[in-house]
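Participant: Make a model of this:
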Amino acid sequence: PEMPPEEEMEELVECSCCGRKFKESVIEKHERVCDKVFNSKRKVFDTAKARAEGTDNAKFVEEQRMQSRKAGKKGGPGAAAA
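Facilitator: The predicted model follows:
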């Protein structure tokens, strides 16, 4: 691919979120999207649940997860002693 002449090239501007460089004509749109992506919290991925999904083991994994949640709320084993 041929490079356009230097006078036709737009100057690149650095994104304040990610540091990547973009043409001045698209930096505003990119920064809005980039800010949204970098400042959002992602849900923690449960690998055991994903692996068990669609198998006979799925029900067992879900029951174990529910039991561990209940134990954590009641101050069961593993809770810090005062």
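
Participant: Assign a three-state SS to the residue nearest the centre of the chain, would you?
Facilitator: Centroid-nearest residue in the chain, with Cα atoms, centre = their mean: residue 42, separated by 4.2 Å. Assigned by DSSP: H, G, I helix; E, B strand; the rest coil, the conformation of residue 42 is coil.

Participant: where are the low-confidence patches of the protein?
Facilitator: Along the chain, segments meeting pLDDT under 70 span 1, 3-9, 73-82.

Participant: give me that answer again for 90
Facilitator: Scanning the chain for pLDDT under 90 picks out the ranges 1-11, 37-82.

Participant: For the nearest residue to residue 23 once chain neighbours are set aside, which three-state class applies?
Facilitator: Using Cβ to Cβ, 6 or more residues apart in numbering and skipping residues adjacent in sequence, the residue nearest residue 23 is residue 10, 4.5 Å away. No exception for glycine: its C-beta is placed from N, CA and C like everyone else's. Under three-state DSSP, residue 10 falls in the coil class.

Participant: How about residue 45?
Facilitator: Residue 45 - assigned by three-state DSSP - is coil.

Participant: tell me what the longest helix that the chain contains is packed against?
Facilitator: Scanning the chain for the longest helix, with DSSP state H as the assignment, gives helix 57-74. For helix 57-74, the elements it packs on are helix 47-52, judged by 3 or more Cβ pairs under 8 Å, 6 or more residues apart in numbering; DSSP states H and E.

Participant: Export the helix it packs on to PDB, keeping only CA atoms.
Facilitator: Provided in PDB are the C-alpha atoms of helix 47-52 (Å, rounded to 0.1, in the frame of the first residue of the first chain):
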ATOM      1  CA  THR A  47     -14.300 -21.200  35.800                       C
ATOM      2  CA  ALA A  48     -15.800 -24.200  37.800                       C
ATOM      3  CA  LYS A  49     -19.300 -23.100  36.800                       C
ATOM      4  CA  ALA A  50     -18.300 -22.700  33.100                       C
ATOM      5  CA  ARG A  51     -16.600 -26.100  33.000                       C
ATOM      6  CA  ALA A  52     -19.500 -27.800  34.600                       C
END
